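A.B. asks: need a structure here:
(2 chains)
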Amino acid sequence: MKRTLPILVVLAVLLVAIAAANPLFLEPAGFLAFVKRAAPLVILAAGQYFVIVSGEFDLSVGSLVTVEVVVAARLIDGDESATWPVLALLILLGLLVGLINGVVTTGLRVPSFITTLGMMLILSGAVFLWTGGAPRGALSEAFRAFGRGSLGPVPWSVLVLLAVAGSAVMLTRSDFGKRLMATGDNERAAALSGIAVNRTRILAFVISGLAAAVAAILLGGFAGVSAQVGQGLEFSAITAVVLGGVALGGGRGSVVAAMAGALTLEALFTLLNLYGISGALEYTVQGVIIIAAVAAGALSFRPRLRATT
Amino acid sequence: MPRRRPFTGLVMISAVLLAAGCTSDKPTTTAQSSAAPSASASASEQGAGTGEQSKFFVQADHDAQLAMRTTTPQGPADKPWEQAIDPQMVSTEKYKKSGNYHLCFSNAAINNPWRQVGWKTMQAEVAQHKEITKFTALDAEGKDDKQISDIAELQGKGCDALIVSPNTTATLTPAVEAACGKIPVIVFDRGVETDCPVTFINPIGGYAFGADGAEFLAEKVPAGGKVLALRILPGVDVLETRWSAAKVAFDKSQLDIVGVEFTDGDAAKTKSIVSDYIQREGKIDGVWMDAGATAVAAIEAFEDAGQPVPAFVGEDQQDFLQKWKGGNLTAVAPTYPTYQWRTPIIAALKILKGEEVPKQWKLPQPKITAESLDTYLQPNMPPLHYALCGCETLPGFPENWGGKKS
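C.D. replies: Sure, this is the predicted structure:
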């Protein structure tokens, strides 16, 4: 909780600033629209949290999202009856990509930065080859409902987000969550105390792949097919996690803070947009945040580390 | 723990570098885009809300293009890809050659649906002509440097004529000039800054495109109505002309331009921006777009907000036409016809047969209106297919363009 507090304060300040510029934001519909828009990034950040806290990175989630959406459109091709089988396939694809990332990183001892960078390039190359730059086919109405529709006043994507957030919190509190934290903090100590370090990390990558699949379903539903849908999402997710105070290198941080980081990033983008500042600045903002957050984290931990070592 | 820190630092630097690398995927734009929006934001307080005029705006070109819209083109009316507006014919006697032809094509890219439809159309056109015994095409993948070496490489392949669709105007000019000295060169779509090609083929252009949409809104939206203008990116000449012509038309109208926003051509971003404007303004009476690829996402923003879809400017992609028909919208679709991909092949054959061709081959650039919508709506074609491909009579239609036989 102590680590979650700073980001919640920042988030609250940004939300107040948005509300000041746009009073409609205070109404349930306005706020829910914001959460709906943020949901895919929050889910990606939750997935990325598990990988980062175990001491690794997952750079492949952005292109995985693109692949999922493009594949879904091609396979569904407007056919409503294909919706559910394709949804199942997308989840499997996400799990599979996560599994490969995990196995290559732990089994072949390829640093995850390289493994997932390679996966990002492989996936974006594959999707370009398959589509030639222009996706084909169309998503069905039932598929799009997840990102577009709502149950009464509450968008489906907000409900999906709540379910994901709940599961993520439960996971971190489970034995797996503790093993993961121990692995990221000190791999050797964790291994010596009997934790199956590799299996734990593989599972973290699989969770990230699953999160990417869910985010892809929401994003594809929100705005339809596009070959750029996942562009830059891996960096947004990592920025969000870092913004939430999760230590790169692993071992420290809470998933709630990581998700709050994603909401904060989305709030920041919304605010920039409200003040008419172009989206081109988003990358710059992310770059500044990622450096500043890591530097701040390093500074605040140094004294304690000196005292203990 | 301290052991790990250098690695972490390195990773962060690389991550930031990578992030920077990602943005440079859109070469022509990122450099300018950080500067231009602030200018447009500060300027949006003045006048009709359209900001300052683009530095790409050339009044004479603007007026010429607007006039061309009403000029009757010469050539067969049922084959607009063979038509030309105000052609100044040039002799090609010196290129005359008998026998079989080897045509070569340096393509800027095939990286968007428009270019994909065009490329398929060009290949089908080639297949129609038995006298073309060889067709060599190189894809520059959107890179100037690759296209420069592609053009050089093609000169050594024994081509009888070279077709170039330049990636960017200024950078490709020297490469095209070098090729002009050896073989007849045909340039289409974007131009080059030299008149050495035998012919330069393109539709009327961006000013006409932009004006078609803006004039429609000025006519359909009542005075004082709120219009949102959506642009892909600043700083790209072909898109700047579209916006600058729209600005001229809007400034003359009584419309209130509540926003001019950049979407990066991203559907999710477009939808978010439009949703924000609907929330902020309460009601939007018209939407102008400089390209229709994200028009459906913009329309959905109104549907999801439970509002009627206002007057809309899209393009000739099937997904938009379908929405238009299905929702009985008030809409118009200016076009940048993909049938222009047929013309370079036709031109190459004319040149090699010694028939004269227009120096500036200006193709007609129709807009789709409520009256002509049914002609262009093709439910059997994929959502991103461009209706003005002029490919319906070509061999392999519709399967090769991703369509189903109806």
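
A.B. asks: now the spatially most central residue of chain B: how far from chain A?
C.D. replies: Centroid-nearest residue in chain B: B:Tyr336, 5.6 Å away (criterion: CA atoms, centre = their mean). The gap separating B:Tyr336 from chain A is 16 Å, by CB to the nearest CB, to the nearest Å. Bear in mind the C-beta positions are built from the backbone N, C-alpha and C, glycine included.

A.B. asks: and that residue, how far from B:Tyr101?
C.D. replies: Distance of B:Tyr336 to B:Tyr101, computed by CB to CB, to the nearest Å: 28 Å.

A.B. asks: spell out the residue ranges of the strands in chain A.
C.D. replies: A:150-151, A:154-155 (DSSP state E).

A.B. asks: for the ones you listed, give me a markdown table that also has mean neighbour count, mean pLDDT and distance to chain B.
C.D. replies: Output for those, formatted as a markdown table (neighbours: other CB atoms under 10 Å in any protein chain shown; pLDDT from 0 to 100; distance: least, CB to the nearest CB, whole Å):
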| stretch | mean neighbour count | mean pLDDT | distance to chain B |
| --- | --- | --- | --- |
| strand A:150-151 | 13 | 86 | 9 |
| strand A:154-155 | 20 | 91 | 9 |
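
A.B. asks: take those and write them to JSON lines, including distance to A:Ala29.
C.D. replies: Output for the strands of chain A, formatted as JSON lines (distance: least, CB to CB, whole Å):
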{"stretch": "strand A:150-151", "distance to A:Ala29": "10"}
{"stretch": "strand A:154-155", "distance to A:Ala29": "10"}
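
A.B. asks: so which of those is nearest A:Trp84?
C.D. replies: The closest of these to A:Trp84 is strand A:150-151. By CB to CB, the value is 18.1 Å.

A.B. asks: just give me the neighbour total for B:Asn100.
C.D. replies: B:Asn100 has 11 neighbouring residues, counting by other CB atoms under 10 Å in any protein chain shown.

A.B. asks: now it: closest residue in space, sequence neighbours ignored.
C.D. replies: Closest residue to B:Asn100 apart from its sequence neighbours, by CB to CB, 6 or more residues apart in numbering or on different chains: B:Thr133 at 4.0 Å.

A.B. asks: pLDDT weak spots in the stretch 301-406 of chain B?
C.D. replies: The model of the stretch 301-406 of chain B has pLDDT under 70 over residues B:406.

A.B. asks: mind jotting down where the helices sit in it?
C.D. replies: Taking DSSP state H, counting those that start in this stretch, the helices of the stretch 301-406 of chain B run over residues B:318-327, B:343-352, B:373-376.

A.B. asks: check the stretch 201-309 of chain A too.
C.D. replies: Listed from the start of the chain, the stretch 201-309 of chain A has helices (DSSP H, counting those that start in this stretch) covering A:233-243, A:255-274, A:281-308.

A.B. asks: can you give me the buried ones in the shortest one?
C.D. replies: What it means is helix A:233-243. Residues of helix A:233-243 classed as buried: A:Leu233, A:Glu234, A:Phe235, A:Ser236, A:Ala237, A:Ile238, A:Thr239, A:Ala240, A:Val241, A:Val242, A:Leu243 (neighbour count, 16 or more other CB atoms under 10 Å in any protein chain shown).

A.B. asks: residue contacts, the residue nearest to the centre of chain B?
C.D. replies: Counting by CB atoms under 8 Å, 6 or more residues apart in numbering or on different chains, B:Tyr336 makes contact with B:Trp114, B:Pro203, B:Phe209, B:Glu315, B:Gln365.

A.B. asks: tell me which of the residues you listed is nearest to B:Cys180?
C.D. replies: B:Pro203 (23.1 Å).

A.B. asks: can you give me the neighbour number for the closest one?
C.D. replies: 28.

A.B. asks: who's it bridged to?
C.D. replies: When assigned by DSSP bridges, B:Pro203 has beta-bridge partners B:Leu363.

A.B. asks: let me know whether it touches B:Pro364 as I believe.
C.D. replies: Yes: with contact defined as CB atoms under 8 Å, B:Pro203 reaches B:Pro364; the gap is 7.1 Å.

A.B. asks: any shared contact partners between the two?
C.D. replies: B:Pro337.

A.B. asks: ok, back up a step: from the contacts of B:Tyr336, which single one is nearest B:Gln322?
C.D. replies: B:Glu315 (13.0 Å).

A.B. asks: counting neighbours, what do you get for B:Ala109?
C.D. replies: 18.

A.B. asks: give the helix, strand or coil label for the nearest residue to it once chain neighbours are set aside.
C.D. replies: Nearest residue to B:Ala109 in three dimensions, chain neighbours excluded: B:Gly142, at 4.0 Å (CB to CB, 6+ apart). In three-state terms, and counting by DSSP: H, G, I helix; E, B strand; the rest coil, B:Gly142 is coil.

A.B. asks: and the residue positioned nearest the centre of chain A, what does it touch?
C.D. replies: Of all residues in chain A, the one closest to the mean position by CA atoms, centre = their mean is A:Leu44, 1.4 Å from it. A:Leu44 is in contact with A:Val61, A:Val65, A:Ala211, A:Ala212, A:Ala215, A:Leu233, A:Ser236, A:Ala237, A:Ala240, A:Ala262, counting by CB under 8 Å, 6+ apart.

A.B. asks: okay, buried residues for stretch A:93-110 please.
C.D. replies: By neighbour count on 16+ other CB under 10 Å, the buried set for stretch A:93-110 is A:Leu93, A:Gly94, A:Leu95, A:Val97, A:Gly98, A:Ile100, A:Asn101, A:Gly102, A:Val103, A:Val104, A:Thr105, A:Thr106.

A.B. asks: now do stretch B:331-339
C.D. replies: By neighbour count on 16+ other CB under 10 Å, the buried set for stretch B:331-339 is B:Ala331, B:Val332, B:Ala333, B:Pro334, B:Thr335, B:Tyr336, B:Pro337, B:Thr338, B:Tyr339.

A.B. asks: same check, this time on stretch B:152-162
C.D. replies: B:Leu154, B:Gln155, B:Cys159, B:Asp160, B:Ala161, B:Leu162.

A.B. asks: now render these as a markdown table, adding distance to chain A.
C.D. replies: Shown next, in a markdown table, are the buried residues of stretch B:152-162 (distance: CB to the nearest CB, whole Å):
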| residue | distance to chain A |
| --- | --- |
| B:Leu154 | 21 |
| B:Gln155 | 27 |
| B:Cys159 | 24 |
| B:Asp160 | 28 |
| B:Ala161 | 26 |
| B:Leu162 | 23 |
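
A.B. asks: make TSV out of these and add secondary structure and pLDDT.
C.D. replies: Compiled in TSV, these are given as follows (DSSP: H, G, I helix; E, B strand; the rest coil; pLDDT from 0 to 100):
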residue	secondary structure	pLDDT
B:Leu154	helix	94
B:Gln155	helix	92
B:Cys159	coil	94
B:Asp160	coil	95
B:Ala161	strand	96
B:Leu162	strand	97
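
A.B. asks: output the lowest mean pLDDT helix or strand found in the chain.
C.D. replies: As the question left the chain open, I've gone with chain A. Ranked by mean pLDDT, DSSP states H and E, the weakest helix or strand in chain A is helix A:281-308, scoring a mean of 71.

A.B. asks: not quite, go with chain B.
C.D. replies: For chain B, scoring each helix and strand by mean pLDDT, DSSP H and E identifies helix B:30-33 as the least confident one, at a mean of 34.
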